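Participant: A structural model of the following input is requested.
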Amino acid sequence: MKIWPLLVAAAALAGAACSKDNAAESRPAPATTPAAAAPAGELKEGDRAPDVNLTLEDGKSVKLSSLRGTPVALYFYPKDDTPGCTVEAQGIRDAWADFEKSGVKVFGVSTQDAASHKDFIAKHKLPFQLVVDPDGEVAKAFGVPLRGGMASRQSFLIDQDGKVKKVWRQVTPSGHAQELLSAAKSLGRPCSLRPGGAPRGAARANAGGDQAGTAGSSTNEARPASQKSKVRWGTTRVAVAEPSPVPGQRS
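Facilitator: Below is the predicted model:
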């Protein structure tokens, strides 16, 4: 007869468990965590490039805005003379003639000091300059993460107007030089590399106008004072020559 109390207790426990399961099923599912947004300081294509001071390995300093009118490639790399960074730098070196033709200025940026940069340049005969960024201030301005005190491998192409044209957040050292070069060529050559420093066609147009003006003025100056042209202003310019009076002729 003692079995009945045990059966009743077991039934009560089973009912309580079912109630908990039903309550859990009736609860709304937890909201899905949204994807992480891009870091606040991360530059996007089309943004104005930050106007940072670039301290070079030779001690000189260049303000980025002073290079306006010329495309600029800034490539960030972790450390001088390491395998990946050496391959990346040598790729740019080997294509340097094409970089010069495109008119783009190239700067490598890392957190090593000037002495390290100089050794890296001398050892591998690099034809471009390296930016000394020991505190990572330039990297931070461009939203480049620092890991263990070293910049991540990322690159930026800045157009002639000072805007970010292309961003590479994931860089493979081998072949990256050609990626930079292809993007730089798409910008066209800066005006400073064209004859006379003027856009194409402008020099010819100016020369033609100057020649026409010189020819017209010299022709007019060669005439006698009585035959110099008067210019009437209207919708068009009309040059009218006044004839010299003939002696004895009534006007």
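Participant: Low-confidence ranges, the stretch 51-200 of the chain, go.
Facilitator: In the predicted model of the stretch 51-200 of the chain, residues 189-200 satisfy pLDDT under 70.
Participant: what about the helices in it?
Facilitator: All helices of the stretch 51-200 of the chain, identified by DSSP state H, counting those that start in this stretch, fall at 83-94, 96-102, 114-124, 137-141, 176-185.
Participant: Next, the buried residues of the longest one.
Facilitator: Translated: helix 83-94. C85, T86, E88, A89, Q90, G91, I92, R93 (16 or more other Cβ atoms under 10 Å). From N, CA and C alone the C-beta is placed, and that goes for glycine too.
Participant: relative to helix 176-185, how tilted is it?
Facilitator: Relative orientation of helix 83-94 versus helix 176-185 (axes from the mean of the first three to the mean of the last three Cα atoms, to 10 degrees): 40 degrees.
Participant: Check which helices and strands helix 83-94 is in contact with.
Facilitator: If you count contacts as 3 or more Cβ pairs under 8 Å, 6 or more residues apart in numbering; DSSP states H and E, helix 83-94 packs onto strand 105-110, helix 114-124, helix 176-185.
Participant: What are the contacting residues of the last one?
Facilitator: In this case it means helix 176-185. Helix 176-185 is touched from outside by 71, 73, 75, 88, 91-92, 94-95, 98-99, 102-104, 106, 155, 157, 165-166, 168, with contacts defined as Cβ atoms under 8 Å, 6 or more residues apart in numbering.
Participant: May I have it as CSV, with CA atoms only?
Facilitator: Output of helix 176-185 as CSV, limited to C-alpha atoms (Å, rounded to 0.1, in the frame of the first residue of the first chain):
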residue,chain,number,x,y,z
HIS,A,176,50.8,43.8,-54.6
ALA,A,177,53.1,46.2,-56.6
GLN,A,178,51.1,45.4,-59.8
GLU,A,179,47.8,46.1,-57.9
LEU,A,180,49.1,49.5,-56.8
LEU,A,181,50.4,50.3,-60.3
SER,A,182,47.2,49.3,-62.1
ALA,A,183,45.2,51.5,-59.8
ALA,A,184,47.6,54.4,-60.2
LYS,A,185,47.5,54.2,-64.0
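Participant: Next one: F142 relative to K123, how far apart?
Facilitator: 27 Å (Cβ to Cβ, to the nearest Å).
Participant: Neighbour count: these two, which is higher?
Facilitator: Set side by side, F142 and K123 show more neighbours around F142, with 21 against 11, by other Cβ atoms under 10 Å.
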